[in-house]
Every structure is written in structure tokens, then in C-alpha cells.
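>>> Sequence isn't available, so here's the structure alone:
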Ligand code: PDD
């Protein structure tokens, strides 16, 4: 089946979908994005993703390209046209097309919107969750505004490739105080020897992950103790469990961090439990 993309008001064959060479996203990475999971045909946590998109746009002073309700319709239509039951939908909004010049173009330039959707084989994700993933740690080298979900992801791309080159699946950034911030495309969590969850507070240094926020709600519901504070690499190496969260990975157990095997080298029970409960807590629309 051929894929379909939404580009600036039109649904077009994915193979032909294109933006102008002077799109400011292409020229300057001047844009923001969201990734929403599609689970059994439902959009997962659409409300929170749309709210964060709106915030990212506001922080960069990019106009809302269309009312969020209309954007919700485009997301659903893109998912439907691509027959995605399990996978993801990607939304990108840039400041639009204008002659290359650093200052913002005038108000006559409309933001550009692209939406794509693709299927992910759930059996593969489950197989990787049953095994657990490996993480390496790398120095934090991103700008301080990582709370904005900007398309400028070069440090994240390089960190992730470094992980791949090391035979791992994710890289955790470590700040100059030796504290883990987050993964290249995930939020980072550990479970200490007392069974308490620890994850960095969302006030600085990390993206305010939507999956993270749902897991926090889940901990409250299940009475799991959670401490929001930074943790060191050493603490992570000694953790009873570790895991990452993101829209595409849900709750994904981590079984190795650098050379340290976590727990007994198998996914921990808390992470596994949170993974199985996640979609019961998330908003499915
Ligand atoms: N990444 N931190 C970073 C740097 C991320 O890029 C992401 C998401 C997260 C987790 O956020 P959420 O739970 O809202 O997905 C944390 C997406 C999936 C991506 O870039 O593909």
C-alpha cells in the first residue's frame, strides 16, 4: 500500500511529498514537532501532545498553523489514509518559506505543516521490551532550551549514532555535574535499591515527556513511590532497575548502562509492570 503524507493542506503520495528549499525548517531548523503513538487505532495522549505543541510554538513565536481541533482531524485522517493501527503519527510545523535571512519573515509568511504516519510492528517492540535495551552515557552538549520540542536535533542524532556504534540502543546525556539529564529521544528513569522511582524533574534540562507525565500519574494511582530529582551516572550503574519512556518506546526496560549490568541483566519487575499498565492510564482517542 502506498503511503500518504499531509503537506500544507494537501494529502499527497509520500514519495512525492516535498517542501520548498527555502523552508526555514530546512534552512535553520526553525520549527517544532510532535510524535504521537497510535495504539490499536487510537491516538495516545493527543490532548497533552497538542498542548505541548502549542507551547513549543509559543516559545518560538511561530503562529498556530490551524486550530488544534483541525490539526487533530488531519492527524486522524493521515493515520486513516495510511491504515496505521499501531505505530506513530509525526507532526512538524516550521516558520514557513521565505528568502534565507535570519530574522523572522513578516506575518504574510504562513507556517508550514507536514504530517506523516507509519506502522510499527508491535511484536518487535514487545520482543525488545522482553530483552531490555542497552544505554551508553555521553556528555550533555545541547542548548539549554531542550524543553522546546524543536526539530534541531543534531546532538541527539550524534549521541544516538554513538550508541549504535557501541552496540547500544540509546544514549543518556550527562551534565557537567555528573547528573543524567535524559536520553537522545527518551526520558531516563532508575529504580533504587529501596524500590523508589527516580527521574529528573521536568523544570530544566529535559523535555517534558508526555509518556513521563502519564507514568507519573500511574505511579500515583498504583502507590509507587517516585522522587523527582537528578541522579548520577554512578547511581544509575548501581540501580536495581532502569528504563526509558517515550511515545514510540512506551516504557522500555534498560538492562545495561555503559559496562554496568542493571539488576540481574533482565528487565525489572517495576518497569515491566508500568509498561503493561501504561495504555490503561493513557488517553486513547
Ligand atoms: N522523542 N526526550 C527527548 C529528547 C525526546 O526527543 C523525547 C521524544 C522524549 C520523550 O517524550 P514523549 O514521552 O513525549 O515522547 C524525551 C520522540 C519520540 C522522537 O523524537 O521521536
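Structure's in. What do you need? Note that this is a predicted model, so its numbers are computed, not measured.

>>> Let me know the helix or strand that the closest residue to the ligand within the stretch 1-150 of the chain is in.
The minimum distance from the stretch 1-150 of the chain to the ligand, using C-beta to the nearest ligand atom, falls at residue 35 (4.0 Å). Every residue, glycine included, has its C-beta placed from N, CA and C. Assigning secondary structure by DSSP states H and E places residue 35 in strand 31-39.

>>> Could you pull up the mean pLDDT of that strand?
For strand 31-39, mean pLDDT is 98.

>>> What's the first helix or strand after that strand?
In N-to-C order, the element after strand 31-39 by DSSP H and E is strand 42-43.

>>> Return the list of strands paired to that following strand, each annotated with direction.
Strand 42-43 has the following sheet partners, assigned by DSSP bridges: strand 31-39 (antiparallel).

>>> Tell me how this protein divides into domains.
4-120, 125-281 (automatic domain parsing).

>>> Could you dump the ones you listed into TSV and include mean neighbour count?
Rendered in TSV, the data for the domains of the chain read as follows (neighbours: other C-beta atoms under 10 Å):
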stretch	mean neighbour count
domain 4-120	17
domain 125-281	18
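
>>> And the helices in the stretch 51-200 of the chain, which stretches?
68-81, 122-131, 154-165 (DSSP state H, counting those that start in this stretch).

>>> Quick one: closest of these to residue 218.
helix 122-131 (16.1 Å; C-beta to C-beta).

>>> follow-up on the earlier one: who does the residue of the stretch 1-150 of the chain closest to the ligand form a beta bridge with?
Assigned bridge partners for residue 35, using DSSP bridges, are residue 90.

>>> when you give positions from now on, start the count at 694
OK, 694 is where the count begins now, so the last one is residue 728.

>>> Test my guess that it contacts residue 942.
No - at 10.6 Å, residue 728 does not count as touching residue 942 under the criterion of C-beta atoms under 8 Å.
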